[in-house]
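In: Fold the following and give me the result.
(one chain, ligands or ions: 1)
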Amino acid sequence: MMRIPFIAGNWKMNTTVAKAAELVRGMVSGLDKIEGVEKVLCPPFISLTVVRELLKGSSVKLGAQNMHFELKGAYTGEISPLMLADLCEFVILGHSERRWYFGETDEMVNKKVKAALGSGLTPILCVGEGLEENEAGRAEEAISKQINCDLSGIDPSSNIVIAYEPVWAIGTGRAASGKEAVATIKFIRVCLAKLWNEDIAQSLRILYGGSVTSSNIAEFVSQPEIDGTLIGGSSLKTEEFLSIVNQTAEIKCHPV
Ligand code: PGA
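Out: Sure thing, here's the model as predicted:
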């Protein structure tokens, strides 16, 4: 089953609107030329409109970094799936920074996944174990709980991308090894097969995320199990990000 390689840049809480526009202008034509990889940029909410304009006519897609699970109402400061569905195709949900800094529970993530799908957005669902869980040998337990709760009651035929992001590897410069990432991604497919079925488990794209750079991208995307990456810090550097997407296309689309 063909899983199209996927690279998303998560800009997190970086860039003003002007900087976001500058960043996109600097990378869009380079990204557009790279074929065979689905490319997504996830700027802060307030830059979605301007980035959307700049991406028009290109093959680069747009995503948001979070959303509320209600469609509208008295939730000061929140952004709803309906607002996003007008602007973009993807939304990152359950990122560990949301879970750890803002107390998002699996129950909330589950409601968000349902609301995103109901509004026509494709969730990029992040799961991953913390350092303590990893060191205590409880990574699989933590991840299976996240997968089962976050995807509970979801139609198996839904359009979802999953990102395995070990918390200890995010923004730390300490990436997982390709081998570690593959082992966990295989385990995620086992969880998906149990929750839904083997065909669905094999058809969903699963990314790795955490301290990916142009120097280590090959280690991940050369693994057939790993369908791409979710990039934080390196997605804010034009040459880095272009090199990451280029190497992915080379390795996935023209294997030697
Ligand atoms: P990083 O972040 O690439 O800066 O480690 C990855 C992520 O949080 O998605």
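In: The host helix or strand of Leu125 - what's its average pLDDT?
Out: For Leu125, the host element (DSSP states H and E) is strand 122-127. Confidence over strand 122-127 (mean pLDDT, whole number) is 98.
In: again, but for stretch 227-242
Out: Rounded mean pLDDT across stretch 227-242 is 98.
In: same check, this time on stretch 54-71
Out: If you average the pLDDT over stretch 54-71, you get 98.
In: got the contact list for the closest residue to the ligand within the stretch 151-256 of the chain?
Out: For the stretch 151-256 of the chain and the ligand, the shortest gap (C-beta to the nearest ligand atom) falls at Gly232, measuring 2.2 Å. For the C-beta atoms, the positions are set from N, CA and C on the backbone; glycine is no exception. The contact partners of Gly232, by C-beta atoms under 8 Å, 6 or more residues apart in numbering, come to 10, 12, 170-171, 209.
In: now do 10 Å
Out: By C-beta atoms under 10 Å, 6 or more residues apart in numbering, the contact set of Gly232 is 9-12, 14, 42, 95, 97, 165, 170-171, 209-212.
In: still on that earlier bit, how far out from the middle of the chain is the strand holding Leu125?
Out: A distance of 6 Å separates the centroid of the chain from that of strand 122-127, by C-alpha atoms, centre = their mean, to the nearest Å.
In: Strand partners (parallel or antiparallel) of it?
Out: Strands that pair with strand 122-127, judged by DSSP bridges, come out as strand 90-93 (parallel), strand 161-164 (parallel).
In: Now do the contacts for the residue in the stretch 1-150 of the chain that the ligand sits nearest to.
Out: The minimum distance from the stretch 1-150 of the chain to the ligand, using C-beta to the nearest ligand atom, falls at Asn10 (4.5 Å). Residues in contact with Asn10 (C-beta under 10 Å, 6+ apart) are 40-43, 63, 65, 92, 95, 97, 124, 126, 163, 165, 170, 209, 230-233, 235-236.
In: How about Ser158?
Out: Contacts for Ser158 were tallied using C-beta under 10 Å, 6+ apart; they are 113-114, 116-117, 122-123, 151, 196, 200, 204.
In: Identify those among those that sit within strands.
Out: Counting by DSSP state E, the part of the contacts of Ser158 found in strands is 122-123.
In: Quick check: end-to-end length of stretch 214-225?
Out: End-to-end distance of stretch 214-225 (C-alpha to C-alpha, to the nearest Å): 19 Å.
In: is the ligand contacted by that stretch?
Out: No. If you take C-beta under 6 Å from any ligand atom as the test, stretch 214-225 misses the ligand, and the best it gets is 10.5 Å.
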